[in-house]
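A.B. asks: Structure of the sequence below:
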Amino acid sequence: MSAKQRLFTSDSSSFEEIRGEGFLYVDKTEYIHNLLTTKGSKNWFLARPRRFGKTMFIDTLEQLFLGNAYLFNNLYIHSKGYDFEPYPVLRLNMARRADSTDALNSSIIFHLSEIAAKQELALKSQNPGDALEGLIYDFQKKYDNQRVVVLIDEYDKPILDHINKPDLAMEIRDTLRDFYVALKNVEKNLHFVFVTGISKFAKTAIHSALNNLKDITHLPLYAGICGFTKTELIDNFYPLFDNILSVLVNSGILKKGDDHNILVNSILDKYNGYSWDGETKILNPYSINNCFSDNKLDNYWWDTGPPLLLEHAMSQNPTDYLEPNWSNLLVDDVDKTEIGDLRPVSVLFQTGYLTIDTITTKTTDIIKSDGSKSVKSNTYYSLKIPNDEVLGSYKSGLFKNIFPLLSDWGVKVSCRDNITNSIKAKNATELTEIFQAQLARIPYTQHSDRTKMWKYEPKLGEFFFQAVFLSFLDGLGLRVIPEPMSSRGRSDIDIFLDENIYVIFELKYIPKEIKEDMLPENIYKNMDKKADEAIAQVFKTLQDKKYKNQASQVLVAGLVVYDKDIVYIKFANNMPHCKNWLRLKH
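C.D. replies: Numbers count the residues shown, from 1 in each chain. As a prediction, this is how the structure comes out:
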């Protein structure tokens, strides 16, 4: 493959442009071949998070059904002898921004009018559903009675745009239902239908409008339909490995002598882990393209902005989102979304902040009243945060929603300056007082149940307080870097200050011990020991080396939280100035 063919674009969803201009394309046409050769099915539905290649897949389908065979040379479907017979294609982009149902109807009519005009046709109705139905009839008539292909991208976008206004969202949902149900009247005139979205809203009629609409979201056969597998990463991006490896070594993210295997593992840690079947692991395509374009391991996906669905849900019940793991969930807990009743687990999964870890099937023997036995089977999902990119973004960006809940104090600029000055002076006393004041503002109701659980799972306590401190520091306007990686691991919180000073915090959590002999002095010694462990961990994993080419000074500190509101900070190579251990109680 030539150098030009190894170029790629990170901001185009045009299959025609990518293939026509020789950009790198990861072949997904095997999945199209599977769709077309599945007997008895012609109507398909796929849910994936934003920026995951749904529009690109829709565009690929459009070019295939238009009969543009030259774009598919050397791809899987071409090798299978597909005939590329052209069909009339009606592609609907439902990313329609409208502030009322009337505005939505007008926007849909305008969109249909544009489609009709390109075919030298005219709409026969100003009612969206009737207009769609009539347009499909006219398409078929114009193309010698050839059945029509309908491609619908982002079917749920008008609802998601107003998810923070439940009454309006429901009205828009009902309007879309009346629009989509028109497809049912013309189903015999349709050759193929493919629908994409982020969520599975009930009562939108997209499923009921089409008989046998096949949901392939969780089917193992289509697990890799969007995004890249590890094999696809290596097979397609390998010629770019040397360049990005060199840049990452020079910047201190990787160390001299690291090879392609370590590079691949670093990329996998950062961007891999998404799964919709519990087996196949997928890399985020948007992040991968930007990673190789910039030669950086940055948080690209988060930078596109969190979806309104998630922002709204978190703003309503922010502390419901403070636990990192969910297990033993039924499929409806994961997949279904109801306007006005947004459940944390379904919102996080559908927006890409949680993914499937494992799927298990459990059977139960049922004894009926007549003494006969039957077996009931249920499928359970365990979810997890997919990778480092999402984990860091989740903790830093999403927890801005709980910042107003946790802090209502003072002028941020003054606090930010106090933090900056105390860090530069390695004044752990002042820095500890600032951090501890923040924890003191967390309502006790947020701790009552969690601290009992943290006693047995301290990592969950660490997750909680890391999120609190990240949101706190980020909310003050400090440049916070969550969980940045080195060649041997990652730290919890890094801060970049002016004068090219970097501060690395490693956080440890100690649950409260219920022992009569646990005196304050002993707790203090335990916290000091934990702080030393945290500092040693930073040096062991070479976290202090990753900024060697860009920092004038690198400071390392252990940050320890005991129970729910006692903070202890210790800087490396410096005795702690912490007095707060005197407040400890057993």
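
A.B. asks: CA atoms for contacts and neighbours, from now on please.
C.D. replies: Fine.

A.B. asks: what helix or strand is the residue nearest the centre of the chain on?
C.D. replies: By C-alpha atoms, centre = their mean, the mean C-alpha position of the chain lies nearest to G352, the distance being 3.1 Å. Using DSSP states H and E, G352 is not contained in any helix or strand.

A.B. asks: Mean pLDDT per helix and strand in the chain: which one sits at the bottom?
C.D. replies: helix 403-406 (a mean of 47; mean pLDDT, DSSP states H and E).

A.B. asks: Give me the domain ranges for this protein.
C.D. replies: 4-222, 230-303, 314-384, 397-583 (automatic domain parsing).

A.B. asks: would you list these in a markdown table and tack on distance to L391?
C.D. replies: Compiled in a markdown table, these are given as follows (distance: least, C-alpha to C-alpha, whole Å):
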| stretch | distance to L391 |
| --- | --- |
| domain 4-222 | 16 |
| domain 230-303 | 9 |
| domain 314-384 | 8 |
| domain 397-583 | 8 |
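
A.B. asks: so which of those domains comes closest to V390?
C.D. replies: domain 314-384 (6.2 Å; C-alpha to C-alpha).

A.B. asks: list the buried ones in stretch 293-300?
C.D. replies: N295, K296, L297, D298, N299, Y300 (16 or more other C-alpha atoms under 10 Å).

A.B. asks: Sorry, wrong one. I was asking about stretch 61-76.
C.D. replies: Residues L61, E62, Q63, L64, F65, L66, G67, A69, L71, F72, Y76 are the ones in stretch 61-76 that count as buried (16+ other C-alpha under 10 Å).

A.B. asks: which residue sits closest to the first one in space, ignoring its chain neighbours?
C.D. replies: Okay, so that is L61. I32 (7.5 Å; C-alpha to C-alpha, 6 or more residues apart in numbering).

A.B. asks: what's the helix or strand for the one you found?
C.D. replies: With DSSP H and E as the criterion, I32 is inside helix 29-36.

A.B. asks: ok, now T360?
C.D. replies: Counting by DSSP H and E, T360 is part of strand 355-367.

A.B. asks: Quick check: buried residues in the next helix or strand after that strand?
C.D. replies: Downstream of strand 355-367, the first helix or strand assigned by DSSP H and E is strand 373-384. Buried residues in strand 373-384, counted by 16+ other C-alpha under 10 Å: Y380, Y381, S382, L383, K384.

A.B. asks: between those, which is closest to D258?
C.D. replies: K384 (29.1 Å).

A.B. asks: Cross-check the contact I'm expecting between that closest one and I356.
C.D. replies: Yes: using C-alpha atoms under 8 Å, K384 is in contact with I356, at 6.4 Å.

A.B. asks: coming back round to it: if I look at the residue nearest to L61, how far off is L478?
C.D. replies: Applying C-alpha to C-alpha, to the nearest Å, the value for I32 to L478 is 47 Å.

A.B. asks: burial measure for V264, as a count.
C.D. replies: Counted with other C-alpha atoms under 10 Å, residues neighbouring V264 total 17.

A.B. asks: ok, and the closest non-adjacent residue to it?
C.D. replies: Looking at V264 with C-alpha to C-alpha, 6+ apart, the closest residue is I234, at 8.0 Å.

A.B. asks: And Y300, by the same measure?
C.D. replies: That would be S287: by C-alpha to C-alpha, 6+ apart, it lies 5.3 Å from Y300.

A.B. asks: Please determine how far S246 is located from G278.
C.D. replies: 34 Å.

A.B. asks: Who has more neighbours out of the two?
C.D. replies: Neighbours were counted for S246 and for G278 using other C-alpha under 10 Å; G278 has more, 20 against 16.

A.B. asks: Quick check, the more buried one in contact with L383.
C.D. replies: No: taking contacts as C-alpha under 8 Å, G278 lies outside contact range of L383: 9.0 Å.

A.B. asks: what do those two both touch?
C.D. replies: I356, D357, T358 (C-alpha atoms under 8 Å, 6 or more residues apart in numbering).

A.B. asks: tally of neighbours for the first one?
C.D. replies: I356 has 25 neighbouring residues, counting by other C-alpha under 10 Å.

A.B. asks: repeat for the last one
C.D. replies: Other residues within reach of T358 by the criterion other C-alpha under 10 Å amount to 17.

A.B. asks: State the helix or strand in which the nearest residue to it once chain neighbours are set aside lies.
C.D. replies: Nearest non-adjacent residue to T358, counting by C-alpha to C-alpha, 6+ apart: G278, 4.7 Å away. Secondary structure from DSSP H and E places G278 outside every helix and strand.

A.B. asks: Would you check how far apart G278 and T217 are?
C.D. replies: G278 is 12 Å from T217, by C-alpha to C-alpha.

A.B. asks: now Y143
C.D. replies: On the measure of C-alpha to C-alpha, Y143 and T217 end up 32 Å apart.

A.B. asks: Give me the more crowded residue out of the two.
C.D. replies: A count of neighbours by other C-alpha under 10 Å puts T217 above the other of Y143 and T217, at 19 against 13.

A.B. asks: what's around the nearest residue to that one once chain neighbours are set aside, how many residues?
C.D. replies: Nearest non-adjacent residue to T217, counting by C-alpha to C-alpha, 6+ apart: L46, 5.0 Å away. Neighbour count for L46, taken as other C-alpha under 10 Å: 21.

A.B. asks: what helix or strand is L46 on?
C.D. replies: Going by DSSP H and E, L46 is part of strand 43-47.

A.B. asks: elements contacting that strand?
C.D. replies: The contact analysis (3 or more C-alpha pairs under 8 Å, 6 or more residues apart in numbering; DSSP states H and E) places strand 43-47 against strand 190-197, strand 214-215.

A.B. asks: And the next helix or strand past that strand?
C.D. replies: helix 54-65.

A.B. asks: mind exporting that following helix as PDB, just the C-alpha atoms?
C.D. replies: What follows is helix 54-65, C-alpha atoms only, in PDB (Å, rounded to 0.1, in the frame of the first residue of the first chain):
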ATOM      1  CA  LYS A  54     -22.400   5.100  12.700                       C
ATOM      2  CA  THR A  55     -22.600   7.800  10.100                       C
ATOM      3  CA  MET A  56     -19.600   6.400   8.200                       C
ATOM      4  CA  PHE A  57     -21.300   3.000   8.100                       C
ATOM      5  CA  ILE A  58     -24.500   4.600   6.800                       C
ATOM      6  CA  ASP A  59     -22.500   6.400   4.100                       C
ATOM      7  CA  THR A  60     -20.900   3.200   3.100                       C
ATOM      8  CA  LEU A  61     -24.300   1.500   2.700                       C
ATOM      9  CA  GLU A  62     -25.500   4.500   0.600                       C
ATOM     10  CA  GLN A  63     -22.600   4.200  -1.800                       C
ATOM     11  CA  LEU A  64     -23.000   0.400  -2.100                       C
ATOM     12  CA  PHE A  65     -26.700   0.700  -2.900                       C
END
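
A.B. asks: Might you specify the subset of the buried residues of stretch 293-300 located within helices?
C.D. replies: Cross-referencing the buried residues of stretch 293-300 against helices under DSSP state H gives Y300.

A.B. asks: nearest to L176, of the buried residues of stretch 293-300?
C.D. replies: Y300 (32.1 Å).

A.B. asks: gap between that closest one and N189?
C.D. replies: 42 Å.

A.B. asks: Surely V331 touches S382?
C.D. replies: No: under the criterion of C-alpha under 8 Å, V331 is not in contact with S382, lying 10.3 Å apart.
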